[in-house]
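**Student:** take this sequence and fold it.
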Amino acid sequence: MCGSRPRSALATGPASVSVRGGFAVGDVVMLLDGRGRRWLVTLSEDGEFHTHRGVLAHAAILGAPEGARLTSSLGSHYVALRPSLEDVVLHMPRGAQVIYPKDLGAITMLADVAPGSRVLETGVGSGALSIALLRLGARVSGIEVREDFAARARANVRSHAGAALAANWEARIGDAYEPIATPPEGPWDRVVLDIPEPWRVSVQAPQILREGGTLVAYTPSILQAMQVRDTMGRGWVDVRTLEVLHRTWHVEGRAVRPDHRMVAHTAFLTAGRWIGSGLDEDALPGTLLGGLDDRVEE
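**Tutor:** Coordinates of the predicted model:
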């Protein structure tokens, strides 16, 4: 049963990513009402979706195509859609706080994640970033210090990435602040950090990240970002720190204005590329070098 608030307590079925055809038992459906509210529900043969605006039997959704218009017992209207990654992230069951979609997009772009990329992720949390990386075709190895967080991440990855993509993901219980061993196949292509003291891992990057590889650190505090930057000296290029602000707009006819509320600061993203300690400091302009020369020459 689902209450009157948008929620997703039942959204634990198999992934519906890139699925075509009608909805089936076990699929996760996103129900969108006329006010833009959304619910994620896992379909079952005898299930019912309940709100104060009536009851909608799962049987009315099963077999229906994506985009089907549905009506509850009290006349409320819904559109049935397969959930986007944004829907999954915002509504998934969680242990740790998830990384917001606006930051997930920036992280994956900054890290330049592509099919086949081997990614080390420290701090898997609820699995939101893992799912985003897997959907881009990466092979992801996670380190998580808390078993309860890792268990939740495993459930979310299986549910919302699907078995095929989940086969490219592993999460082990461990302390990322301890020395991290390089895997037999060689250093990682990408390292993504979401832990309280990421500088204790970024300092290891020369041993665990391949030359040309990228590191991205997600930090709520600018002081944390500064400490990460302090570890990115000789051998780092294209080092930068940024944040992403998300503001929607009200557009209704000729009434156009920014919405009064926005998703402003959530975290700072610090990224850099490791090219090896043999870097010639005179080979690149100072503004491209991490920790070597921050002067801008006119």
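**Student:** residue ranges for the helices of the stretch 101-250 of the chain, please.
**Tutor:** Under the criterion DSSP state H, counting those that start in this stretch, the stretch 101-250 of the chain contains helices at 101-111, 128-135, 147-161, 163-166, 199-202, 205-208, 222-230.
**Student:** out of these, which one sits most buried?
**Tutor:** helix 128-135 (a mean of 26; mean count of other Cβ atoms under 10 Å). (Each C-beta comes from the backbone N, C-alpha and C, glycine too.)
**Student:** what is it packed up against?
**Tutor:** Applying 3 or more Cβ pairs under 8 Å, 6 or more residues apart in numbering; DSSP states H and E, we find helix 128-135 packed against helix 85-91, helix 101-111, strand 118-122, strand 139-144, helix 147-161, helix 163-166, strand 169-173.
**Student:** adding distance to residue 42 and mean pLDDT, write these out as CSV.
**Tutor:** What follows is the helices and strands packed on helix 128-135, written out as CSV (distance: least, Cβ to Cβ, whole Å; pLDDT from 0 to 100):
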stretch, distance to residue 42, mean pLDDT
helix 85-91, 12, 86
helix 101-111, 21, 96
strand 118-122, 26, 97
strand 139-144, 24, 96
helix 147-161, 9, 91
helix 163-166, 16, 92
strand 169-173, 21, 95
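**Student:** compare the ones you listed and give me the one nearest residue 50.
**Tutor:** Checking those against residue 50 by Cβ to Cβ gives helix 85-91 as the closest, at 17.0 Å.
**Student:** list the buried residues for that closest one?
**Tutor:** 85, 87, 88, 89, 90, 91 (16 or more other Cβ atoms under 10 Å).
**Student:** leaving aside the residues next to it on the chain, what's closest to the fourth one?
**Tutor:** So the one you mean is residue 89. Leaving aside its chain neighbours, residue 89 sits nearest to residue 128 (4.6 Å; criterion: Cβ to Cβ, 6 or more residues apart in numbering).
**Student:** check contacts around the one you found.
**Tutor:** Residues near residue 128 by Cβ atoms under 8 Å, 6 or more residues apart in numbering: 88, 89, 92, 98, 99, 104, 156.
**Student:** widest-spaced pair of these?
**Tutor:** So, the contacts of residue 128 by Cβ to Cβ: farthest apart are 104 and 156, at 13.6 Å.
**Student:** pLDDT weak spots in the stretch 151-298 of the chain?
**Tutor:** The model of the stretch 151-298 of the chain has pLDDT under 70 over residues 278-298.
**Student:** which non-adjacent residue is nearest the spatially most central residue of the chain?
**Tutor:** Most central in the chain under Cα atoms, centre = their mean is residue 129, positioned 3.0 Å from the mean C-alpha point. The shortest distance from residue 129 to any non-neighbouring residue, by Cβ to Cβ, 6+ apart, is to residue 99 (5.4 Å).
**Student:** how is this structure carved up into domains?
**Tutor:** Split into domains by automatic domain parsing, the chain comes to 1-83, 87-288.
**Student:** list the residues that contact the closest residue to residue 132 other than its chain neighbours.
**Tutor:** Of all residues not flanking residue 132 in the chain, residue 104 sits nearest, at 4.7 Å (Cβ to Cβ, 6+ apart). Contacts for residue 104 (Cβ under 8 Å, 6+ apart) come out as 85, 89, 128, 129, 132.
**Student:** for residue 221, see how far away the third one is.
**Tutor:** Distance, residue 128 to residue 221, by Cβ to Cβ, to the nearest Å: 20 Å.
**Student:** roughly how far out does the lengthiest strand in the chain sit from the chain middle?
**Tutor:** With DSSP state E setting the assignment, residue counts place strand 209-219 as the longest strand in the chain. Distance of strand 209-219 from its chain centroid, counting by Cα atoms, centre = their mean, to the nearest Å, is 16 Å.
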